[in-house]
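Participant: how does the following fold in three dimensions:
(2 chains)
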Protein chains: 2
Amino acid sequence: MAELKVFAPATVANLSCGFDVLGCCLDSVGDEMLIRKNNLNQVRITKITGQDLPMETDQNVAGVAVKALLKELNSNQGFDIEIDKKIKPGSGIGSSAASSAGAVYAVNKLLNEPFDAQKLISFAMQGELLASGNAHADNVAPALLGGFSLVRSYDPLEVLSLPVPQELVVVVLHPMIEIKTKDSRSIIKQNVSLKSAINQWGNLGALVSALYTEDYDLLGRSLQDEIVEPVRSILIPYFQDLKVLASENGALGFGISGSGPSVYALCKGEQIAKKVRDAIEVFYSNKYIDFELHLSGINKQGVKVL
Amino acid sequence: MAELKVFAPATVANLSCGFDVLGCCLDSVGDEMLIRKNNLNQVRITKITGQDLPMETDQNVAGVAVKALLKELNSNQGFDIEIDKKIKPGSGIGSSAASSAGAVYAVNKLLNEPFDAQKLISFAMQGELLASGNAHADNVAPALLGGFSLVRSYDPLEVLSLPVPQELVVVVLHPMIEIKTKDSRSIIKQNVSLKSAINQWGNLGALVSALYTEDYDLLGRSLQDEIVEPVRSILIPYFQDLKVLASENGALGFGISGSGPSVYALCKGEQIAKKVRDAIEVFYSNKYIDFELHLSGINKQGVKVL
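Facilitator: Model prediction:
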């Protein structure tokens, strides 16, 4: 096999009480990537469509992630990477993670799978380090594993896959304002009250339980974040109005996707999800901010071969 | 039915990363209580054996808990409460919780069960408020529900029951020094680093997952507490040595039980648990501190009628 075309999915990280540890994978939003072996002993970004992103290998998240993989293998195999970028950079739904994850997934396949998914996550994290200054895993892990991923530990890296309740549908609103991950991180306080932290881990424990038991109501009650959301939501226009709107239209939970500006609503069933999406569309349409709306099931597979 | 005799179990709260939210119920350690209706319109503590504890109803945790229950019912039914106290107060394995839980469980039964278990927890918490100045639920909940209890929220109160992996056995060492819950709480910092909090909720999420999947190794890796244990363990003689000893002898995890001074080791299977218990016994025997050692399965039922 000399080339592979893959779908590299968008992801929602920092799922409310799961800040920095919990993300999930989307089904209907993602990039397409074509990865091809070359005989030049070089990793090259040969084509990017859809967005204006760096073509220099060391400045491109996919390039950096693939080089990390090849370094571990001591391989000088060359690859050409083409990216049809459909996820907007800076949108908060794992744009950089999709490119990193898609690239290492495809390269690993083309090399007859020397690495397992856990190891691929660590290579893709090198792309995240380039993109945001922080090698976080809560986008690349669900992009590679599918479903819900929980990062138990960074040192050593350990990521768990959690069950996906059948009827979950995600609505994502991307208000087209720019918030850089670096800026969005710097607004967060580095110390938190023990009381809030306790509430947060109580909720995260309950959320994990809800995923195992398919208890949608519990899932909704657990999707709270009293540590990061109160600060970061200030950067997102009409956040509180949107949250009320999502709740009024039946969403289980609503929060910031990644480091924003996108927001997500988790819903039970497509009917409610459409109602939530439509309500948000009407509300945001006269707010003089360009936006995109996505509606997606949870992608249980992660990166897919096309 | 005019009287009821119950077994009121000991519990291990503050299970490592589950500080303030996660506790479990023990099978072979607990008090016996006899609760009898009287015609005096009064709640009385008529007998306490085993320990020296307040006989005044309003100073006794069982008395206070039962009065909270009766107040909610607007009932002036009287009860006599006898307690054969086998759990030492101040030991850190839910001594006050056992009395509160046992009393409200029995009174509820004798009144034909007007309340469900969740509601009983809230009454028993009034006993905890008296005992420690803090109406925490992570001892009374597992005492009433059995198994592992997760407190998702205090306002409103919501407690989840989590599954119990079959082979879990708990070893508890009670070094007979006195640490009051109030003192043990005051040593804890009221602000924590976000980084530590994130590690803690990553571990708690993983611990909940491990209970559902019966993944003992994951359970062991998740039983970490980098927030409270580093501070509180200072109050417990030889804590670090005991932790190493437990690990060397095969324990999955080791930590402080409740607010100490008791410590617990969670083990897979009775054979390993006995090995851990014996090693701790040998180690502690020449340390000039009186101690008790318990070995117990997880009690899935909670308070039991005898």
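Participant: contacts and neighbour counts: CA atoms only from here.
Facilitator: Noted.
Participant: just checking, next helix/strand downstream of the host helix or strand of residue A:231?
Facilitator: Counting by DSSP states H and E, the element that carries residue A:231 is helix A:229-232. Following helix A:229-232 in sequence order, the next helix or strand is helix A:239-248 (DSSP H and E).
Participant: tell me the first helix or strand C-terminal of that next one.
Facilitator: Sequence-wise, the next helix or strand downstream of helix A:239-248 (DSSP H and E) is strand A:253-256.
Participant: other SSEs contacting that following strand?
Facilitator: helix A:216-222, helix A:239-248, strand A:263-268 (3 or more Cα pairs under 8 Å, 6 or more residues apart in numbering or on different chains; DSSP states H and E).
Participant: of all the ones you listed, which one comes closest to residue B:80?
Facilitator: helix A:216-222 (39.2 Å; Cα to Cα).
Participant: how about the residues of the stretch 151-300 of chain A by chain B?
Facilitator: A:151-153, A:160, A:162, A:189-195, A:197-206, A:208-209, A:212, A:222 (Cα under 8 Å from any Cα of the partner chain).
Participant: got a PyMOL select line for the buried ones in the residues you listed?
Facilitator: Selection of the buried residues among those in PyMOL, burial being defined by 16 or more other Cα atoms under 10 Å in any protein chain shown:
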select buried, chain A and resi 151+152+153+160+162+192+194+197+198+199+200+201+202+203+204+205+206+208+209+212+222
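Participant: now intersect the residues of the stretch 151-300 of chain A next to chain B with the strands, please.
Facilitator: Of these, the ones assigned to strands by DSSP state E are A:151, A:152, A:153, A:160, A:162, A:191, A:192, A:193.
Participant: related to what we said a few turns ago, and the helix holding residue A:231, which residues are buried?
Facilitator: If you call a residue buried by 16+ other Cα under 10 Å, then helix A:229-232 has these buried ones: A:229, A:232.
Participant: distance from that helix to the middle of the chain?
Facilitator: 19 Å (Cα atoms, centre = their mean, to the nearest Å).
Participant: pull the residues that contact it.
Facilitator: Here helix A:229-232 makes contact (Cα atoms under 8 Å, 6 or more residues apart in numbering or on different chains) with A:16, A:184, A:187, A:188, A:255, A:256, A:259, A:260.
Participant: what is the neighbour count of the second one?
Facilitator: Counted with other Cα atoms under 10 Å in any protein chain shown, the burial measure for residue A:184 works out to 18 neighbours.
Participant: the first one now?
Facilitator: Neighbourhood size, residue A:16 [other Cα under 10 Å]: 28.
Participant: so it touches residue A:223, yeah?
Facilitator: Yes. Checked against Cα atoms under 8 Å, the pair residue A:16 and residue A:223 is within contact range at 5.5 Å.
Participant: what do these two both touch?
Facilitator: residue A:254.
Participant: so for residue A:152, what's the pLDDT?
Facilitator: What the model reports for residue A:152 is a pLDDT of 97.
Participant: who touches residue A:171 in this structure?
Facilitator: So residue A:171 contacts A:264, A:265, A:266, A:267, A:273, A:276, A:277, A:293, A:294, A:295, A:296 (Cα under 8 Å, 6+ apart).
Participant: what bridges to residue A:24?
Facilitator: residue A:12, residue A:148 (DSSP bridges).
Participant: mean confidence score for stretch A:295-306?
Facilitator: The model assigns stretch A:295-306 a mean pLDDT of 97.
Participant: could you tell me the end-to-end distance of it?
Facilitator: 21 Å (Cα to Cα, to the nearest Å).
Participant: what does the stretch 1-150 of chain A have sitting close to chain B?
Facilitator: Of all the residues in the stretch 1-150 of chain A, those lying near chain B are A:18, A:19, A:20, A:21, A:150, going by Cα under 8 Å from any Cα.
Participant: now, these that are in strands?
Facilitator: residue A:150.
Participant: and the residues of the stretch 1-150 of chain A next to chain B, which two are furthest apart?
Facilitator: Longest span within the residues of the stretch 1-150 of chain A next to chain B, Cα to Cα: A:19 and A:150, 10.2 Å.
Participant: quick one: the host helix or strand of residue A:105 to chain centroid distance?
Facilitator: Per DSSP H and E: residue A:105 is located in helix A:95-110. Its chain's C-alpha centre and that of helix A:95-110 lie 13 Å apart, by Cα atoms, centre = their mean.
Participant: what is that helix packed up against?
Facilitator: strand A:3-12, strand A:22-38, helix A:61-73, strand A:78-84, helix A:117-132, helix A:140-145.
Participant: so which of these is the most packed in?
Facilitator: Sort these by mean neighbour count, taking mean count of other Cα atoms under 10 Å in any protein chain shown, and helix A:140-145 sits at the top with a mean of 33.
Participant: low-confidence stretches in the stretch 151-300 of chain A?
Facilitator: A:180-182 (pLDDT under 70).
Participant: try 90
Facilitator: Along the stretch 151-300 of chain A, segments meeting pLDDT under 90 span A:155, A:178-189, A:286.
Participant: what average pLDDT does stretch A:55-71 get?
Facilitator: Per-residue scores along stretch A:55-71 average to 96.
Participant: residues making contact with it?
Facilitator: Residues from elsewhere that reach stretch A:55-71 (Cα under 8 Å, 6+ apart): A:43-48, A:53-54, A:76-77, A:81, A:96, A:99-104, A:107, A:120, A:123-128, A:130-131.
Participant: any idea which of the helices and strands packed on strand A:253-256 gets closest to residue B:26?
Facilitator: Using Cα to Cα, the nearest of the helices and strands packed on strand A:253-256 to residue B:26 is helix A:216-222, at 26.9 Å.
Participant: elements contacting that closest one?
Facilitator: For helix A:216-222, the contact count by 3+ Cα pairs under 8 Å, 6+ apart identifies helix A:194-213, strand A:253-256 as packing neighbours.
Participant: right, and those - which one's nearest residue A:245?
Facilitator: For residue A:245, the closest of the helices and strands packed on helix A:216-222 is strand A:253-256, at 9.6 Å, according to Cα to Cα.
Participant: adjacent strands (with direction) for that closest one?
Facilitator: Paired strands of strand A:253-256, defined by DSSP bridges, are strand A:263-268 (antiparallel).
Participant: leaving out sequence neighbours, find the closest residue to residue A:214.
Facilitator: residue A:165 (5.2 Å; Cα to Cα, 6 or more residues apart in numbering or on different chains).
Participant: and the gap between that neighbour and residue A:202?
Facilitator: From residue A:165 to residue A:202 the distance is 20 Å (Cα to Cα).
Participant: show me the beta-bridge partners of residue A:32.
Facilitator: Per DSSP bridges, the residues bridged to residue A:32 are residue A:7, residue A:84.
Participant: my guess is it contacts residue A:6. True?
Facilitator: Yes. The pair residue A:32 / residue A:6 is scored as a contact, 5.7 Å apart, by Cα under 8 Å.
Participant: how is chain A carved up into domains?
Facilitator: A:3-162+A:301-305, A:168-297 (automatic domain parsing).
Participant: endpoints of the shortest one, how far apart?
Facilitator: The first and final residues of domain A:168-297 sit 6 Å from each other (Cα to Cα).
Participant: go on, the longest one?
Facilitator: With Cα to Cα as the measure, the first residue of domain A:3-162+A:301-305 is 11 Å from its last.
Participant: now it, how far from the chain's geometric center?
Facilitator: On Cα atoms, centre = their mean, the centre of domain A:3-162+A:301-305 falls 10 Å from the chain's centre.
Participant: and for the last one?
Facilitator: Averaging C-alpha positions (Cα atoms, centre = their mean) puts domain A:168-297 13 Å from its chain's average.
Participant: contacts only, for residue A:95.
Facilitator: Neighbouring residues of residue A:95 by Cα under 8 Å, 6+ apart: A:10, A:87, A:88, A:89.
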